[in-house]
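Engineer: got a predicted structure here, sequence first:
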Amino acid sequence: MSDPVTRFEQGLARVTDAFGPAFAEAHDEQDLRAANARFAGPQGELTALMKTMREVPGDRRRELGKSANAVKQAVAEAFELGLTRLAQAARDAELSAPALDPTLPGRGVRPGRLHAITRVRHELVDIFASLGFDVAEGPEVDLYDYNFDKLGFPPDHPATDMQDTFFVTREEDGEPATSLLRAHTSTVQVREMLRREPPFAIISPGAVYRRDDDATHSPMFFQIEGLLVDQDVSFSELMGVLTLFVKRLLGDDVPVRFRPSYFPFVEPGGEVDVGCTLCRPWADGGAERSAACGVCKGTGWLEVLGCGMVHPVVFENVGYDPEKVTGFAFGMGIDRIAMLRYGVPNIKLLYENDIRFLSGF
Ligand code: PHE
């Protein structure tokens, strides 16, 4: 046993017997590499054995060296084969695994939803439809004539400045006609009166465009127009319809106020304010909340729409007899209502399509 040749031969025999089973037992690459290190690594059995070569007498060195190299070679080849075997097994397992693993936790489908403006538009349309109004639509590029002249705006009236948008000239009945991105949905009043006979009641939601851009104004926004034409329509009917509308939209307790105002196409004209839905000044402790309210700026009221009795000039412009027909009209910003409804501080948030904002309500 103390004889270096015998020790070398026995050591080599031990390695020769052991490496095959050790590699075969390895179930993953880490096991296999550990087994390889046990024999061929810097601290491995075979490496240590090779270091004893110089103790072997010269006449046996060549022969034993050859045997040792053969074993080293065999270990290296077996290691490579082992790596291939494991890679193959991993690939086979992947290929034969079911394509879908039903034991994995689900990813969850986040339902989409309608945009706040769309939801509010549907709500407004539903309320007026339930009161008997038909829905009418008009184009976003419309005649200057319908946007201003037929509605009784005097030529070059200052109100047309604020509403100046993009102008285009297009053919209308073979004639060049000035058109523009409509500045309000009141164009649809004209269109509907030109194609219908009273009595009728319509509402018309849609996009409008203006030279306006701040926290509560966007150059493109949405309005909904209302028009009712019949005989002997009174201002109290206008007030009744709009009061009912506000109560249905915001709640029975919300106060409504009518203020005189001017629009060229109505007489008398007014604006409707509703009690601020944020500070609710009419409810307990409201005065204090209202004083600090940034939405109504301490006034307790929010302006929501313009309205009035259709001006006789407008009826004349569309070929109705103003002695016979009467009517009322109103228009409001859908965005404004959406902002009130959802407490949105800046109109731009409605158009930025930031999912963190949009999924919040
Ligand atoms: N068109 C008006 C505006 O955009 C609103 C309005 C509509 C006023 C109908 C009175 C009647 O401001």
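Structural biologist: Perfect, thanks for sending it. Keep in mind the model is a prediction, meaning the values are calculated, not measured.

Engineer: pLDDT weak spots in the stretch 101-250 of the chain?
Structural biologist: 159-164 (pLDDT under 70).

Engineer: spell out which parts of it neighbour the ligand.
Structural biologist: Within reach of the ligand by C-beta under 6 Å from any ligand atom, the stretch 101-250 of the chain has these residues: His184, Ser186. Glycine gets a C-beta too; all of them are placed from N, C-alpha and C.

Engineer: what residue in the stretch 101-250 of the chain comes nearest to the ligand?
Structural biologist: Nearest residue of the stretch 101-250 of the chain to the ligand, counting by C-beta to the nearest ligand atom: His184, 3.4 Å away.

Engineer: tell me how many other residues crowd that residue.
Structural biologist: For His184, the neighbour count with other C-beta atoms under 10 Å is 22.

Engineer: list the contacts for it?
Structural biologist: His184 is in contact with Asn147, Gln163, Val208, Gln223, Glu225, Gly331, counting by C-beta atoms under 8 Å, 6 or more residues apart in numbering.

Engineer: residue boundaries of the strands in the stretch 251-361 of the chain?
Structural biologist: Along the stretch 251-361 of the chain, counting by DSSP state E, counting those that start in this stretch, strands occupy 256-261, 266-275, 301-310, 326-333.

Engineer: and the protein, what are its domains?
Structural biologist: Following automatic domain parsing, one finds the domains of the chain at 4-96, 117-358.

Engineer: for the protein, which helix is longest?
Structural biologist: Taking DSSP state H as the criterion, the chain has its longest helix at helix 58-96.

Engineer: test my guess that Ser218 contacts Ile347.
Structural biologist: Yes - Ser218 is in contact with Ile347 according to C-beta atoms under 8 Å; the separation is 4.9 Å.

Engineer: tell me, what's touching those two both at once?
Structural biologist: Here Ser218 and Ile347 have Asp335 as joint contacts, going by C-beta under 8 Å, 6+ apart.

Engineer: hmm, back to that, return the most buried member of the strands of the stretch 251-361 of the chain.
Structural biologist: Mean neighbour counts were compared across those using mean count of other C-beta atoms under 10 Å; the top stretch is strand 326-333, at a mean of 24.

Engineer: so in that sheet, which strands flank that one, and in what orientation?
Structural biologist: Strand 326-333 has the following strand partners under DSSP bridges: strand 220-230 (antiparallel), strand 301-310 (antiparallel).

Engineer: only alpha carbons, please: show that strand as PDB.
Structural biologist: In PDB, the C-alpha atoms belonging to strand 326-333 read as follows (Å, rounded to 0.1, in the frame of the first residue of the first chain):
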ATOM      1  CA  THR A 326     -92.200  79.800 -30.700                       C
ATOM      2  CA  GLY A 327     -89.500  77.700 -29.100                       C
ATOM      3  CA  PHE A 328     -86.700  77.400 -26.800                       C
ATOM      4  CA  ALA A 329     -83.000  76.300 -27.100                       C
ATOM      5  CA  PHE A 330     -80.200  75.500 -24.800                       C
ATOM      6  CA  GLY A 331     -76.600  74.400 -25.100                       C
ATOM      7  CA  MET A 332     -74.200  73.000 -22.600                       C
ATOM      8  CA  GLY A 333     -70.600  71.700 -22.400                       C
END
